[in-house]
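Student: coords please:
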Amino acid sequence: MRITAKFSIYLVLVAGAAMFILPFAWMVLTALKPLNQTLRQSHLWLPRRFEAPLEGRVQEVWPGAAVTEPSVWAREQGAAQPVALPEGSIRDDAWQPATGAPLPIVILKRIPASAASPWREISDLKGLSRDVVPEASVRSRIVFRWENFPSAVHAMRHFSRYLANTLILCVLNVIGTVLSSAAVAYGFSRLEWRGRDRLFGLLLGTMMIPFPVVMVPLYGLFRWLGWVGTLQPLWVGSFFASAFNVFLLRQFFRTIPKDLSEAARIDGCGEFRIFWQIILPLCRPALVVVALFTFLGAWNDFLGPLIYLTDEKDFTLALGLQAMKTSESGATEWHYLMAASTLVILPVITLFFVAQRSFIEGIALTGTKA
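Tutor: Just a heads-up that it's a prediction; the model follows:
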C-alpha cells in the first residue's frame, strides 16, 4: 500500500513537471524552425526540412494540400500560380466552378492521384514557384536551424546594450536587497527593543498591498526626483529592504543559537561585527535564496522598465523582446523571437542549477529551530 501511494505521488509530480516543461520545449523547438513552419505547421514539434523536385531540380520546398482524386494541374488565364482542379470539373479546357460561368484554363499536367496514391502540392520557401508531385517524392528530415540564434541577436537591435543594462540592474538589486534585508532581519531577530513584534507585524502587512496601488504614487515621487527616464527607479528601492525577504531571513536568523552572539560580545565584538562576521557567514543558504529570488525578479521584470524607461539605450532584455514582436516589415518573426527568448532564459536556468544545493538548503532550513 505504501509503495502504491509513493508511486502515485511520484506520478503526479512527474505529470506536473511535464506540464511545466512542455511550454519551454515548444519555445526551444520553435526557435530551431524556419519561419514558415512556425506559422503554418504549429503542430510540428520538431523542425523539418522538406525536399522535392521543383523546376527540374531537388530543392527545399514547403508541402501544401494533398490531392487524393484524379485532377489536373492548371492555371487560370491571368492567374500567377497554378492550382489543382478536379478532373470532373474540366470541360473543353475550361473549369466549371460550382456557380458561375466556365473559366478558361491552361492545363499543365494530369494528376493520376487517388486515396491510395496521393499527390502533394509543393512550393518554394518564398511561395513564388508551385508544382504538384507524388507524395512519395516529398522527402523530409529533422534539421535544427542553429543559425536562428545569431540571427535573433542581430534582429534584436542593441542586444549587448540591453544585456548590460539588465546585468547592471540585477547586480545592484541583489546587492541592495541582500544587504538591507539582512540588516533589517537581524534587528528583528537578534536584538531586543520595544515595539519590535508590532512593527514586524506592520511590515508583514505591507506584503498585502498590491503593486498597482502604489504604482502611481511611486511614479510621481520618481518624477519629482527627476529619475524617470533613468535606471535609478529600478534599483534604488532595493536598498530599503523587502518585507518578504526580511521575513525569510528573520526566520533563518532565529535558528542560530544566541550563545554565539553572547560569546562574541564577551570577546568584545560589537553588533555590526557580530552581524558581519558571525551571522552572515552562517546564513549563506538563506542569503543565496534571497539573492536568487531577487536576480530572477530583476532579470524578468517587464512592468518596471516599461513604466520608467523612455530611451531605447536604457532598455532591458524584457523590453527588447517586446520590441522584437514587430519587425520592420510589420510581421512578427516568431522563430527569432523564440530564439531570443531562449537566450534570455538560459542564464536563469544555468544560475538555478549552479545554486540549487544552497537554494534547497536555504528553503529547507528556514524556520526550523536549532
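Student: F211: what's it in contact with?
Tutor: By C-beta atoms under 8 Å, 6 or more residues apart in numbering, the contact list for F211 reads L303. All C-beta spots, glycine's among them, are computed from the backbone N, C-alpha and C.
Student: how near is it to G229?
Tutor: Taking C-beta to C-beta, to the nearest Å as the criterion, F211 is separated from G229 by 20 Å.
Student: Checking W45 next. Helix, strand or coil?
Tutor: coil (DSSP: H, G, I helix; E, B strand; the rest coil).
Student: cool, V106 as well?
Tutor: Here V106 is recorded as strand under three-state DSSP.
Student: Pull out the buried residues from stretch 78-89.
Tutor: Within stretch 78-89, the residues scored as buried using 16 or more other C-beta atoms under 10 Å are P82, V83, A84, L85.
Student: quick one: which of those residues is nearest to P217?
Tutor: Comparing these against P217 with C-beta to C-beta places V83 closest, at 62.4 Å.
Student: Contact partners for that closest one?
Tutor: Neighbouring residues of V83 by C-beta under 8 Å, 6+ apart: W73, A74, R75, E76.
Student: next helix or strand past the helix or strand harbouring R273?
Tutor: Secondary structure assigned from DSSP states H and E places R273 in helix 271-274. The helix or strand immediately downstream of helix 271-274 is helix 280-282, counting by DSSP H and E.
Student: list the contacts for the nearest residue to A94 once chain neighbours are set aside?
Tutor: Leaving out its chain neighbours, the residue that sits closest to A94 by C-beta to C-beta, 6 or more residues apart in numbering is P102, at 4.0 Å. By C-beta under 8 Å, 6+ apart, P102 lies in contact with R91, A94, W95, Q96.
Student: ok, now V138?
Tutor: Shown in contact with V138 (C-beta under 8 Å, 6+ apart): F50, E51, A52, V61, P63, R120, I122.
Student: Can you pull the poorly scored residue ranges out of the protein?
Tutor: Residue ranges of the chain with pLDDT under 70: 1, 40-43, 326-330, 359, 361-370.
Student: any idea where the helices of it begin and end?
Tutor: 2-31, 35-40, 148-155, 159-190, 196-205, 211-225, 243-253, 258-266, 271-274, 280-282, 284-300, 303-308, 317-324, 334-365 (DSSP state H).
Student: In the fourth one, which residues are buried?
Tutor: By that I understand helix 159-190. Of all the residues in helix 159-190, those buried under the rule 16+ other C-beta under 10 Å are 159, 162-163, 165-167, 169-170, 172-174, 176-178, 180-190.
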